[in-house]
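Chemist: Let me see the structure of the following:
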Amino acid sequence: MTLPLLPGNSFNRNLGKERFHKSHHFDFPNDVPVMVGEEKPGIGGEPLLGQKLKPKFSVFPKGQGSDAPSWVVFDKQVLCFKAYFQESVHERREEQYRIRKCKIYFYLEDDTIQVIEPEVKNSGIDQGTIINRHRIPLPPPHDDQFYTVDHFNICQEIVFYSKTFMIVDCDQFTRNFLWKMGVKLNPPGCIPEDPYISKREKMEKNMHPVRPYENVDTLKQFLDHDTHVLRFYCYWDDRDNQFGDFRELVLHYFLSDDTIEIKEVLPPNSGRDAVGVFLHRSKLPKNIPDRLYHPGEITDQTLLNTFGPVGRGSRFILDRLKTGHVHQEFYKDCDIMIGSVVNVWGRKVVLCDCDEFTKEYYRNKYSVEDFTPVIFKSEPITKVERQVPPYNGFGSEEDSYNSTLSLEPKPPQRNMIKFMEKDRQGLESNVLRFMARLITNDEINNDRKFIISYFLSDDTISIFEAPKDNSGIISGKFLERGRVKIPGQELFKSELSKYFTQQDLFVGAKLCFYGNYFCLVDADEYTFCYMEKNADEYQKANICTILTKLKSTGNTHSLEIKRMLASHDIHRTGIINYDEFRNIVIQIGEGHISEHEVITVGRYYSIRQQQDTDVCLILHLVQEELRKNGFEDFKKLSEAFIYEDRQRTGFLPIHETRNILKGFQLPTPNDILEEMISKFLNVDGQVAYRNLVLGLNWRENPVPPAEAKVPIKLYTRSSEFPIRQVKNINYIAFVEDLFGKQE
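Modeler: Have a look, this model is predicted:
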């Protein structure tokens, strides 16, 4: 019994619906209504009564796995089917149809299909891709739909654009995929034979040539032994003939094509051409032919003219008996060994030795173990000793010496590698500076002080006299920069003169520069640090060498030396004054140790304390430099610090702070800049950049001048070597290294 359609007796189908749009079904091209959306649903997207929507793509059964779309899940997954189609052949007696094999690829990601026909040799048909990859519609009257995975099965016909394909088999991946989808696969079929292809195959089997073509495969030998060359050292003795000579040769055997090349080893001033090619690369015959054959006379095959004139209309066949063939025997790798004689177009070449690759080759291939070389020796060539004329006084010695080496005089070459390595690089000056005084009895000259600079880039020396008030002597340049000869050498001689080197300069050395005798009394911090850093080049600054020298002289007086050192340590702290330590070390050395070595030991065992500098003095110096150069970009500097501070903590690492300050090109020396940064470090070693910017701002926060309790020393040589004075020495560590650890 049905209920009447009265209020309360029926359900409201629109209850809870939110979409009430009407789908577009008609268009009006040329004012004619045309239905364009047969599959579109009704109002609100719901299907109409009796309407069944057809899927546009392949529908796969739902199972366990991800909910990703098909073009992601089935990416690069393709179903492969073996198929064929029959093509009719008209107006041909030999064949009425052809069977063309092909492969059908179904791409699961987008339901596209591609048909490819494998190429067949000498088919005469354009083969390859028959149908490009795209979605193929079903045959009429269902041409509004496309092929999906459900339309494919084995032993089933399928139509692509009115061309019928018969699927006979598929690969294992396709078989497993369809089985998982629940498709029942038919048993595989077979492709029928093409009658014309079968006929061609029978004809080819029945064709037996009288003499098949000789197949000489040289490609394998080339691929296996390309760039493999056997090298033999040999000679040819032609001294029995008039104007003959003893020739040293090198024989190369190329394994890739069995060719031989011989080159001559030309000694200096031999008078022969500089080419040195004794035999160009070619195959070398064992026996010399009676005559030289013309080009084209020796060929692999011989053609016989059976009848007819020469040229057009003639008939040729291959010479079966090879009546005109010239047999030649060439040298192989098995024919050349150490001690064998090779006939090189009538010249007897004796093989004497070979290289390691050649020995390994014969050892592996021919099991040869005896590679005893044949001893041969050409006539010794008397070498004429070059006699260099003595220096004549014109120009420099190097320039005069170079004029004797060649007919075209060339200027002496500068050592550019040494110059590039030891030239000034930033704050690294590569200049050794020593303080010196004159060795003289004159009281006036005895007080004069000189600065001797040694330039490592070109081994030149310059001397500068330090100014002194009321001395009556003009200070400044004392010696122009240049190389200084060691005194006591003969002027006009054939050998080059010797010059002062960097090893000749050390504290305590006595040098003579153009008749002026100097004693080196001190050096700057950079010189001491450079020599200690390169201790292998400077034995006077090598602590290991110095301790070894002191051990050899002080082992017998070890107890006495310990008592002498301890006597100066009144408070028993293990520390004594440098002057007292110096006197004791000089006594230990017994006159065999220089002043520079004493300073090196003192610096090695010194106790150095770095005194702190006032922050107000540092800020005052920096602000003065900024004010003189007109630097006022403090706002941009603060913004740069804030930009680098991602976490907005107010602190930045030291290297980032240094890079930002250098990016703004502050007119401040690097040593003062490093000292200023160290004043704004927190406990974690980071810089408080806000306080730093406030301290730099000379406009808003000027710092008054302050007295320097501790003088600021600028590291003019290198920021790596700070200047520190040696005052106190840890003699306990010195005694332990010199005589062993005390019990």
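
Chemist: and the host helix or strand of residue 164, what other elements does it pack with?
Modeler: Using DSSP states H and E, residue 164 sits within strand 163-170. Packing partners of strand 163-170 (3 or more Cβ pairs under 8 Å, 6 or more residues apart in numbering; DSSP states H and E): strand 78-88, strand 97-107, strand 156-160. Backbone N, C-alpha and C define where each C-beta goes, glycine included.

Chemist: can I get the CA coordinates of the helix or strand that that strand is followed by in CSV?
Modeler: Tracing the chain past strand 163-170, the next element assigned as helix or strand by DSSP H and E is helix 172-180. The C-alpha trace of helix 172-180 is given here as CSV (Å, rounded to 0.1, in the frame of the first residue of the first chain):
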residue,chain,number,x,y,z
GLN,A,172,55.3,-11.6,-18.0
PHE,A,173,54.7,-8.2,-16.4
THR,A,174,51.5,-7.8,-18.4
ARG,A,175,50.4,-11.3,-17.5
ASN,A,176,50.9,-10.7,-13.8
PHE,A,177,49.1,-7.3,-13.9
LEU,A,178,46.0,-8.6,-15.7
TRP,A,179,45.9,-11.6,-13.4
LYS,A,180,45.9,-9.3,-10.3
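
Chemist: can you give me the angle the helix or strand that helix 172-180 is followed by makes with strand 97-107?
Modeler: Sequence order places helix 195-206 as the next helix or strand after helix 172-180, per DSSP H and E. Relative orientation of helix 195-206 versus strand 97-107 (axes from the mean of the first three to the mean of the last three Cα atoms, to 10 degrees): 110 degrees.

Chemist: can you pull the buried residues of the helix or strand just after helix 195-206?
Modeler: Going down the chain from helix 195-206, the next helix or strand is helix 219-225, by DSSP H and E. For helix 219-225, burial by neighbour count (16 or more other Cβ atoms under 10 Å) applies to residue 225.

Chemist: hmm, who's touching helix 219-225?
Modeler: For helix 219-225, the external contacting residues (Cβ atoms under 8 Å, 6 or more residues apart in numbering) are 255, 256, 257.

Chemist: tell me which strands and helices the helix ranked longest in the chain is in contact with?
Modeler: Criterion DSSP state H: the longest helix present in the chain is helix 615-629. Secondary-structure packing of helix 615-629 (3+ Cβ pairs under 8 Å, 6+ apart): helix 670-678, helix 689-696.

Chemist: Please check the contacts of helix 219-225 and keep the buried ones.
Modeler: Buried, going by 16+ other Cβ under 10 Å: residue 255, out of these.

Chemist: Low-confidence bits of the stretch 451-600 of the chain, can you list those?
Modeler: The stretch 451-600 of the chain contains residues with pLDDT under 70 at 554, 556.

Chemist: any idea where the helices of it begin and end?
Modeler: For the stretch 451-600 of the chain, the helices defined by DSSP state H, counting those that start in this stretch occupy 525-533, 543-554, 558-567, 578-589, 595-604.

Chemist: Go through the last one and flag the buried ones.
Modeler: Read that as helix 595-604. Neighbour-count burial for helix 595-604 [16+ other Cβ under 10 Å]: 595, 596, 597, 598, 599, 600, 601, 602, 603, 604.

Chemist: neighbouring contacts of the helix or strand immediately after it in the chain?
Modeler: Using DSSP H and E, the helix or strand that follows helix 595-604 in sequence is strand 606-607. Contacts of strand 606-607 with the rest of the structure, by Cβ under 8 Å, 6+ apart, involve 575, 578, 726, 727, 728, 729, 730.

Chemist: again, only using 10 Å
Modeler: Strand 606-607 is contacted by residues 574-575, 578, 581, 599, 724-730, 733 when judged by Cβ atoms under 10 Å, 6 or more residues apart in numbering.

Chemist: From those residues, pick the one nearest residue 111.
Modeler: Distances from residue 111 to the contacts of strand 606-607, taken as Cβ to Cβ, are shortest for residue 724 (82.6 Å).

Chemist: Next, count neighbours for residue 97.
Modeler: By other Cβ atoms under 10 Å, 15 other residues sit near residue 97.

Chemist: Ok, residue 148 next?
Modeler: 17.

Chemist: for the helix or strand hosting residue 662, packing partners?
Modeler: Using DSSP H and E, residue 662 sits in helix 654-663. On a contact count with 3 or more Cβ pairs under 10 Å, 6 or more residues apart in numbering; DSSP states H and E, helix 654-663 meets helix 634-644, strand 651-652, helix 670-678, strand 687-688, helix 689-696.

Chemist: any idea which of these is most buried?
Modeler: Stretch with highest mean neighbour count among the helices and strands packed on helix 654-663: strand 687-688 (a mean of 22; mean count of other Cβ atoms under 10 Å).

Chemist: contact partners of that one?
Modeler: With contacts defined as Cβ under 10 Å, 6+ apart, strand 687-688 is touched by 641, 649-658, 660-661, 676-682, 694-695.

Chemist: Residue 133: helix or strand, and which one exactly?
Modeler: Under the assignment here (DSSP H and E), residue 133 is part of strand 128-134.

Chemist: what lines up beside that strand in the sheet?
Modeler: strand 112-117 (antiparallel) (DSSP bridges).

Chemist: Now do the contacts for the nearest residue to residue 293 once chain neighbours are set aside.
Modeler: Once flanking residues are discounted, residue 293 sits nearest to residue 326: 7.1 Å by Cβ to Cβ, 6 or more residues apart in numbering. Applying Cβ under 10 Å, 6+ apart to residue 326 gives the contacts 289, 293, 297, 298, 299.

Chemist: The first one belongs to a helix?
Modeler: No - in this structure, residue 289 is coil, not part of a helix, as judged by DSSP: H, G, I helix; E, B strand; the rest coil.

Chemist: surely it meets residue 330?
Modeler: No - using Cβ atoms under 10 Å, residue 289 makes no contact with residue 330, being 11.9 Å away.

Chemist: Those two - which one has more neighbours?
Modeler: When neighbours are counted by other Cβ under 10 Å, residue 289 and residue 330 differ, and residue 330 comes out ahead with 14 against 10.

Chemist: for the stretch 301-450 of the chain, what are the low-confidence residue spans?
Modeler: Using pLDDT under 70, the stretch 301-450 of the chain drops low at 304-316, 320, 324, 377-381, 426-427.
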